[in-house]
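Enquirer: Give me coordinates for this.
(one chain, ligands or ions: 1)
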Amino acid sequence: MGVVNVTPDSFSDGGFCLDARSAIDHALKLHAAGADILDVGGESTRPGAQPVTLEEEQHRVLPVVEALAGRGLVVSIDTQKPAVMQAAIGAGAAMVNDVLALRAPGALEAVAGTDAAVCLMHMQGEPRSMQQAPVYADVVREVRDFLQERVAVCELAGIGRARIVVDPGFGFGKALAHNLALLAGLGRIAGLGLPVLAGMSRKSMLGALTGRDVQQREFAGVAAHLAALARGARILRVHDVSAMRDALAVWNALEDVRDGT
Ligand code: 9MG
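Expert: Just a heads-up that it's a prediction; the model follows:
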């Protein structure tokens with residue numbers, strides 16, 4: 001999954017996409033580099049990010065979703081707003097990526113009446129304050145229980161398991177030790193029996209481990225996502241698609257040998 005941020009405040013994490021045209025061009029490059037899914041977002045979820053209005057978010061993302069889906073590409077809409085989910089699905093998005101795990105009023109209904117897939121992500125707190133003092137007794141168990149509960153709520157609302165992806169939400173209300181525990185214990189999340197999405201690309205956990213600035217975390221990101229893959233992740237949400245694809249080419253070659261083919 002390639003990250004397509006249509007947000008002026010994503011400049012430091014690769015935000016060349018200040019308008020629809022540049023977002024579409026960027027997304028096409030990610031697709032050419034090997035991204036199977038393009039995750040289009042119009043509101044930053046980084047710690048301290050400013051919220052945007054519904055109108056502004058729709059204005060940013062809908063032309064991009066329409067253009068990419070119109071070319072037959074698989075588009076995911078990264079949003080917390082039910083109205084954006086509905087409009088983006090109408091414009092061709094095949095998946096909703098919601099860091100709130102459909103907890104906003106109306107979000108379950110916005111997805112249930114469609115055949116779109118959904119990624120349910122764990123977050124402690126809210127983006128503005130989530131990194132101030134995250135606390136867990138057992139982070140893997142708590143994240144797993146939360147996701148299991150949200151899956152049950154989705155199923156009751158008519159969103160079948162075949163449409164659901166789960167995500168521990170690296171960096172969303174987690175200190176470095178929590179992120180590392182989640183990465184090490186990702187197999188317990190995969191034990192839920194649903195595809196797991198992992199997103200660590202350029203995040204501060206990689207900066208803390210390497211001492212590198214946000215634009216220089218490519219190698220650390222590849223290593224982290226391979227570690228996630230080894231523990232059962234099936235979708236990797238990354239900015240640096242070419243690097244990740246090269247690593248996967250090596251990884252998959254080895255899998256074929258293990259399979260005896
Ligand atoms: C929008 N966004 C930013 N980071 C993310 C992550 O780790 N997972 C998902 N699903 N979405 C994310």
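Enquirer: Leaving out the residues flanking it, which one is nearest to G34?
Expert: R245 (3.7 Å; CB to CB, 6 or more residues apart in numbering). Every C-beta, even on glycine, is put in place using the N, C-alpha and C of the backbone.
Enquirer: burial count for L54?
Expert: 14 (other CB atoms under 10 Å).
Enquirer: what's near enough to touch A88?
Expert: Counting by CB atoms under 8 Å, 6 or more residues apart in numbering, A88 makes contact with V40, V61, L62, V65, V75, I77, T79, V96.
Enquirer: What of Q124?
Expert: Q124 sits next to M130, P134, Y136, F172, G173, K174 when contact means CB under 8 Å, 6+ apart.
Enquirer: now swap in T45 and tell me
Expert: D78, V99, P127, F172.
Enquirer: Over to R60?
Expert: V6, T7, A20, A23, G42, V52.
Enquirer: 7 Å instead, please
Expert: V6, G42 (CB atoms under 7 Å, 6 or more residues apart in numbering).
Enquirer: next one: L182
Expert: Counting by CB under 7 Å, 6+ apart, L182 has contacts V139, V140, V143, P168, F170, K174.
Enquirer: Now that we have these, which of them are buried?
Expert: Buried by 16 or more other CB atoms under 10 Å: V139, V140, V143, P168, F170, K174, out of those.
Enquirer: can I assume the fourth one is in contact with H122?
Expert: Yes. Using CB atoms under 7 Å, P168 is in contact with H122, at 5.5 Å.
Enquirer: Could you tell me which residues touch both of the two?
Expert: V143.
Enquirer: re earlier: which of the contacts of Q124 sits closest to the ligand?
Expert: F172 (6.8 Å; CB to the nearest ligand atom).
Enquirer: what about that closest one, which helix or strand?
Expert: Under the criterion of DSSP states H and E, F172 resides outside all helices and strands.
Enquirer: wait, isn't it in contact with M123?
Expert: Yes. Using CB under 7 Å, F172 is in contact with M123, at 3.8 Å.
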